[in-house]
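Trainee: Attaching a predicted model along with its sequence, questions to come.
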Amino acid sequence: MCTDANALSHNFDVNDLGEMEREWLLLIRLNCMSYEHNRAEGCDRAISHAEMRYGADNGPLIASRITGIIRAMRAERKGGFGYLSPQCPSCRLKVTEDEWLLVLLLQAGYRGHRGEIADAAADFAGRSEAPALAAAAARFGSAFGPTDRRRPMASPSLALH
């Protein structure tokens, strides 16, 4: 979590993300907050937010799939993970490079193309392969039904600048 507006370098603008990706980012940050503070508050807030956004049937599933990705990240990713506070108004306007790469992985999982998922997982993990991350991203994507996939993604061509 940040302690001031410039705590982490390589910040991107949150407005470069679409609405769906901003929702995912909030769920990521809430989950990370729980790991950092060893409390369930962040996970509880993530589930509540996901229920409001995706409904009582799909919300908890989507929130838990993001938790699965965070767990896989902790097992396979080289180095740490820089994220910004979900509570800080200044932080909500920015995205770290680590968060950006994770959103790209979530997008790949959402689209459901195995090769793209594997590549995004390896890029995010900083290694040649990241099978646990790839599997978690695929499970994340499977949480969205066919009606969700018919809607175009807000930012289909995000890339690391």
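Mentor: Thanks, I have it. Numbers count the residues shown, from 1 in each chain.
Trainee: And Asn31, which helix or strand is it part of?
Mentor: Using DSSP states H and E, Asn31 sits within helix 19-37.
Trainee: ok, then the element right after that helix?
Mentor: Following helix 19-37 toward the C-terminus (DSSP H and E): helix 41-54.
Trainee: Give me the helices and strands touching that following helix, please.
Mentor: In terms of contacts (3 or more Cβ pairs under 8 Å, 6 or more residues apart in numbering; DSSP states H and E), helix 41-54 is packed against helix 19-37, helix 59-76. Placement of C-beta: from N, CA and C, glycine included.
Trainee: how far off helix 41-54 does the first one point, in degrees?
Mentor: Here the directions of helix 19-37 and helix 41-54 differ by 160 degrees (axes from the mean of the first three to the mean of the last three Cα atoms, to 10 degrees).
Trainee: how about the CA coordinates for helix 19-37, as CSV?
Mentor: The C-alpha coordinates for helix 19-37 follow below in CSV (Å, rounded to 0.1, in the frame of the first residue of the first chain):
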residue,chain,number,x,y,z
GLU,A,19,-14.9,0.5,-16.6
MET,A,20,-14.6,-3.3,-16.3
GLU,A,21,-10.9,-3.2,-15.7
ARG,A,22,-11.3,-0.5,-13.1
GLU,A,23,-13.7,-2.8,-11.3
TRP,A,24,-11.2,-5.7,-11.4
LEU,A,25,-8.5,-3.3,-10.2
LEU,A,26,-10.5,-2.4,-7.1
LEU,A,27,-11.1,-6.1,-6.3
ILE,A,28,-7.3,-6.7,-6.7
ARG,A,29,-6.5,-3.9,-4.3
LEU,A,30,-9.0,-4.9,-1.7
ASN,A,31,-7.6,-8.5,-1.8
CYS,A,32,-4.1,-7.2,-1.5
MET,A,33,-5.1,-5.1,1.4
SER,A,34,-6.2,-8.3,3.3
TYR,A,35,-2.9,-9.9,2.6
GLU,A,36,-0.9,-6.9,3.7
HIS,A,37,-2.8,-6.4,7.0
